[in-house]
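Colleague: here are the coordinates; sequence isn't available:
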């Protein structure tokens, strides 16, 4: 009787058999193998018992009155849902089409009459293994789905925080258009924009290695550096160095951030560009239609150490209406069903066919749709249009102090010599010092603009001896800034002195700024008498200083400039 020994852990087995003798025989065999039995005389009774008791396995006669085994099997499978309830058909049928009909109805195996207890035990054991395997698969699937939902929720929370940080700048400005399509929930591409205290606009398009949450892990610290240093008035070089050092310090060795960083100045009608590892951007001239490529000439951020990092930028003239177009490599790497890339050549064809720059975004999207491609990485495009120079309004700043404890009567002098002039920008430091004076905070934009013009005039035209007349056209503009970089790199002597004097008055207070340089001076009267030419790329600084400050004057053959600011006492 070894064949009748229990073959598996005790199950509840439903036996549907219209023959009372066969039903009793099967029930005895199954019970002796250690299982509980439910007995039904026809298909309808079998379905009702299954619905009430939910047995683990069914032994089903094919031919029964009221409802045959085929229909009963279909209804039981429907009631079972995702759970596997094995059905072994009890049949004396031998024709192939009859056996196939059993499988089509939901049967999992056959047991031929007369019944062999050993074979029946083996089949029950085999079906039980399949049942348990299916239950394990379903359980693991549910666990994976639950874990996946948990991770997605974590990413949504992180994304909500990140979006508030990353989009806290001026991406909503009227002169910016952008498109971002993340490959995963998190976008590994980073787009940031913010105004400097002088009203210039800094724009960064970055692309971290990979995509999703791992690719976005460096975005938060990068955005923090970008917004913090831009708000304080730091230039591209200082911001780039700090961002590179931060990423180099915190990212794994196999992660970095390709990036293009821009500084658009409506006052100076220029754009300053640094491109490290991103696809070429383009500067479109509205008047001539010429597109100047903004080439990648540097390694990405986070690759090189501080000593090897190259922060050199290019400066191009950019008149009102001109546009800068940037994109991530997700656009170029979009591939079709045959794994063929959209590629830079097709993108160039879209550029060449474009006749209305304001429709370039739509034309690229249409080209990608016609290509029938699918993205293999995050896709980002951004277009920034140069606006008109205007009266710059200081950004809204929140201070915790009441202004009662600010310094009201003081003066300080700085002398920046050659070694410092070559690698240090004192403007953010000077501005932060002046903004400790409560009354000057509302004038921070004008104050920074004037300081920037005074300092750049003293450095470029005084110490370095550059002639702004070189910037008469686009070619001269590029030559001017190339000469500036070369002369500054070779500088061994010279100085710029800055004197700040704050004094209280009955109506409020006053600030006097004096900037001196070691240069040869210039003919101030000639510059001030020159008419303002439309489209002129030079000679704007003196007029800007006179517009934004009070009592601007020059002495010592132009080597010393003096301006005043004042403010009223607050009630």
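Modeller: That came through fine. On a predicted model such as this, the values are computed, not experimentally measured, just so you know.

Colleague: ok, what's across the strand from the residue lying closest to residue 323 once chain neighbours are set aside?
Modeller: The shortest distance from residue 323 to any residue that is not its chain neighbour, by CB to CB, 6 or more residues apart in numbering, is 4.6 Å, and that residue is residue 284. For every residue, glycine as well, the C-beta is placed using N, CA and C. When bridges are taken as DSSP bridges, the partners of residue 284 come out as residue 291, residue 323.

Colleague: give me the pLDDT value at residue 284.
Modeller: According to the per-residue confidence, residue 284 scores 90 in pLDDT.

Colleague: wait, it touches residue 356, no?
Modeller: No - at 10.9 Å, residue 284 does not count as touching residue 356 under the criterion of CB atoms under 8 Å.

Colleague: what about the residue nearest to residue 323, distance to residue 476?
Modeller: Residue 284 sits 20 Å away from residue 476, taking CB to CB, to the nearest Å as the criterion.

Colleague: repeat for residue 48
Modeller: When CB to CB is applied, the distance between residue 48 and residue 476 equals 95 Å.

Colleague: and for residue 408?
Modeller: Taking CB to CB as the measure, residue 408 falls 46 Å from residue 476.

Colleague: same question for residue 336.
Modeller: Looking at residue 336 against residue 476, where the rule is CB to CB, the gap reads 45 Å.

Colleague: helix or strand for residue 174, just tell me which one.
Modeller: Counting by DSSP states H and E, residue 174 is held by no secondary-structure element, helix or strand.

Colleague: distance of it relative to residue 341?
Modeller: When CB to CB is applied, the distance between residue 174 and residue 341 equals 34 Å.

Colleague: show me which of these two is the more surrounded one.
Modeller: With neighbours defined as other CB atoms under 10 Å, residue 174 and residue 341 compare such that residue 341 has more, 15 against 8.

Colleague: per-domain residue ranges of this protein.
Modeller: Following automatic domain parsing, the chain resolves into domains at 2-137, 167-385, 410-568.

Colleague: same list (those) but as a markdown table, adding distance to residue 144.
Modeller: As requested, the domains of the chain are arranged in a markdown table below (distance: least, CB to CB, whole Å):
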| stretch | distance to residue 144 |
| --- | --- |
| domain 2-137 | 10 |
| domain 167-385 | 17 |
| domain 410-568 | 51 |
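
Colleague: tell me if residue 545 really is in a strand.
Modeller: No - going by DSSP: H, G, I helix; E, B strand; the rest coil, the assignment for residue 545 is helix, not a strand.

Colleague: now do the contacts for it.
Modeller: Contact partners of residue 545, counting by CB atoms under 8 Å, 6 or more residues apart in numbering, are 450, 453, 454, 552, 561, 563.

Colleague: how about low-confidence regions in the stretch 101-250 of the chain?
Modeller: Within the stretch 101-250 of the chain, the stretches with pLDDT under 70 are 162, 165-167, 182-187, 211-215.

Colleague: count of residues packed around residue 489?
Modeller: Neighbours of residue 489 (other CB under 10 Å): 10.

Colleague: downstream of the worst-scoring helix or strand of the chain on mean pLDDT, the next helix or strand is which one?
Modeller: Confidence across the helices and strands of the chain bottoms out at helix 213-216, with a mean of 69, counting by mean pLDDT, DSSP states H and E. Once the chain leaves helix 213-216, the next helix or strand it forms, by DSSP H and E, is helix 219-231.

Colleague: list the buried residues for that next one?
Modeller: 219, 222, 223, 225, 226, 227, 229, 230, 231 (16 or more other CB atoms under 10 Å).

Colleague: give me the residues contacting that helix.
Modeller: Applying CB under 8 Å, 6+ apart, the external contacts of helix 219-231 come out as 162, 165-166, 168-169, 190, 192, 194-197, 202, 204, 206, 208, 238-239, 242-243, 246-247, 250, 257, 301, 395, 428.

Colleague: tell me where the stretch 301-450 of the chain has helices.
Modeller: Assigned by DSSP state H, counting those that start in this stretch, the helices in the stretch 301-450 of the chain fall at 329-332, 343-353, 360-371, 418-421, 427-434, 444-456.

Colleague: what's the mean pLDDT across the first one?
Modeller: Per-residue pLDDT values across helix 329-332 average out to 81.

Colleague: now the second one
Modeller: When the per-residue pLDDT values of helix 343-353 are averaged, the result is 84.

Colleague: list of residues touching that helix?
Modeller: Defining contact as CB under 8 Å, 6+ apart, one finds that helix 343-353 is touched by 279, 282, 291, 327, 331, 332, 360, 363, 364, 367, 371.

Colleague: picking up where we left off before, between residue 336 and residue 476, tell me which one has more neighbours.
Modeller: Neighbour count, other CB under 10 Å: between residue 336 and residue 476, residue 476 has more, with 16 against 12.

Colleague: what's the spacing between the closest residue to the more buried one other than its chain neighbours and residue 458?
Modeller: Taking CB to CB, 6+ apart as the measure, residue 476 lies nearest to residue 470, with 4.7 Å between them; neighbours along the chain are not counted. From residue 470 over to residue 458 the distance is 18 Å, taken as CB to CB.

Colleague: okay, those two: which has more neighbours?
Modeller: residue 458 (27 against 18).

Colleague: wait, the more buried one touches residue 519, no?
Modeller: Yes - using CB under 8 Å, residue 458 makes contact with residue 519 at a distance of 7.4 Å.

Colleague: overlap in contacts of the two?
Modeller: With CB under 8 Å, 6+ apart applied, the contact sets of residue 458 and residue 519 do not overlap.

Colleague: how about the strands of the stretch 401-550 of the chain, start to end?
Modeller: For the stretch 401-550 of the chain, the strands defined by DSSP state E, counting those that start in this stretch cover 410-417, 495-505, 508-517, 550-555.

Colleague: go through these and pick out the most buried.
Modeller: For the strands of the stretch 401-550 of the chain, ranked by mean neighbour count under the definition mean count of other CB atoms under 10 Å, the leader is strand 508-517 at a mean of 20.

Colleague: one step back: same list (the contacts of residue 545) but as a markdown table, adding distance to residue 78.
Modeller: As requested, those are exported to a markdown table (distance: CB to CB, whole Å):
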| residue | distance to residue 78 |
| --- | --- |
| 450 | 81 |
| 453 | 81 |
| 454 | 84 |
| 552 | 89 |
| 561 | 90 |
| 563 | 87 |
